[in-house]
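**Q** got a predicted structure here, sequence first:
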Amino acid sequence: MTEIYIEISKLTDKFREMAYRYTKDKTVVNEAVQEIMLYFLQMNPDTLKDIYIKDGIVGVTKYGAVALRRALTSPRSNFYYKYQKYYDNITEFNPVYLLNKEDNAEPILYNIPEPETSNHTLEKLEEIDKFLDTLSWYDRELFKLYYYEGNTLDKLATKTRISRNSLFSTIDKVRELLKKELNDE
C-alpha cells in the first residue's frame, strides 16, 4: 500500500492542473487537492489496491479526477461543506480579486462587516429577567432551569422530582405570559 500512496503523492501537480479547469483561485485549488489526497488516504485500501492493480496509476488518476471534479462542482460534496459553503453564503460583502504579476487570481478579503453592535438582544433579555422577577419563585426558577440551563423536561423531572406534566404546564404558562408581556410593549 505504501508504494501506491507514494505514487499518488506524485500526482499532486497533475491534480492541481485539473483543478484549475474549475476555478482560478489558488487557495481553493490547493485545498481541493489536499482534500483529494485525504480522500485517498481514507478510502477503503482494498478498493484502492484493486484500482491500482487493474488500471495502474492511470486508473488512480482518473478516479482522482472524478473525485476532484465532484469536490469542486457539487454542492453536496464534503469539500463544499468544509470550505466553499461559508464563502458562498456571505451576503454582506464580495471578495475582491486582484491580479498579481503572473495573472493568477488571489482573493483579498476586505471590508468584512463588524458584528452588530446593537444591544437589542441584551435589552430583550433584561426585559425577560425583569418580568420573571414579578412571578412566583416556583414559576421563575422552573423557567430558568428549563431555558437558561438547557434542561429537558425529563431531566428536569428527574432533578426536581416534579411530574413532567406539571413542569410542562408551568413552563408553558410562563412562556404564554412572557409572549403577552413582550408583545404589548
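**A** Arrived safely, thanks for sending.

**Q** for the protein, which helix or strand comes out least confident on mean pLDDT?
**A** Every helix and strand of the chain was ranked by mean pLDDT, DSSP states H and E. The lowest is strand 96-99, at a mean of 42.

**Q** tell me the contacts of residue 15?
**A** 33, 36, 64, 65, 68 (C-beta atoms under 8 Å, 6 or more residues apart in numbering). For glycine as for every other residue, the C-beta is placed from the backbone atoms N, C-alpha and C.

**Q** in a helix, that's where it is, yeah?
**A** Yes. Using DSSP: H, G, I helix; E, B strand; the rest coil, the assignment for residue 15 is a helix.

**Q** any idea of the mean pLDDT in the helix ranked longest in the chain?
**A** Across the chain, the longest stretch assigned as helix under DSSP state H is helix 45-73. For helix 45-73, the mean pLDDT works out to 87.

**Q** which helices and strands sit right next to that helix?
**A** helix 2-9, helix 12-19, helix 26-42, helix 78-79 (3 or more C-beta pairs under 8 Å, 6 or more residues apart in numbering; DSSP states H and E).

**Q** where does this structure have low pLDDT?
**A** 84-121, 184-185 (pLDDT under 70).

**Q** got the domain ranges for it?
**A** Structural domains assigned to the chain are 2-108, 120-184, following automatic domain parsing.

**Q** most distant residue from the middle of the protein?
**A** Note on the chain: the largest C-alpha distance from the chain mean falls to residue 136, namely 41.1 Å (C-alpha atoms, centre = their mean).

**Q** so what does that one look like in phi/psi?
**A** Backbone torsions for residue 136, taken as degrees, to the nearest 10, come to phi -70, psi 160.

**Q** ok, it to residue 142 distance?
**A** Distance of residue 136 to residue 142, computed by C-beta to C-beta, to the nearest Å: 10 Å.

**Q** repeat that for residue 19.
**A** 56 Å.

**Q** same deal with residue 78?
**A** 43 Å.

**Q** give me the distance between residue 20 and residue 78.
**A** 20 Å.

**Q** let me fix that, I meant to ask about residue 155.
**A** From residue 155 to residue 78 the distance is 34 Å (C-beta to C-beta).

**Q** likewise residue 165?
**A** 44 Å.

**Q** same check, this time on residue 177
**A** On the measure of C-beta to C-beta, residue 177 and residue 78 end up 46 Å apart.
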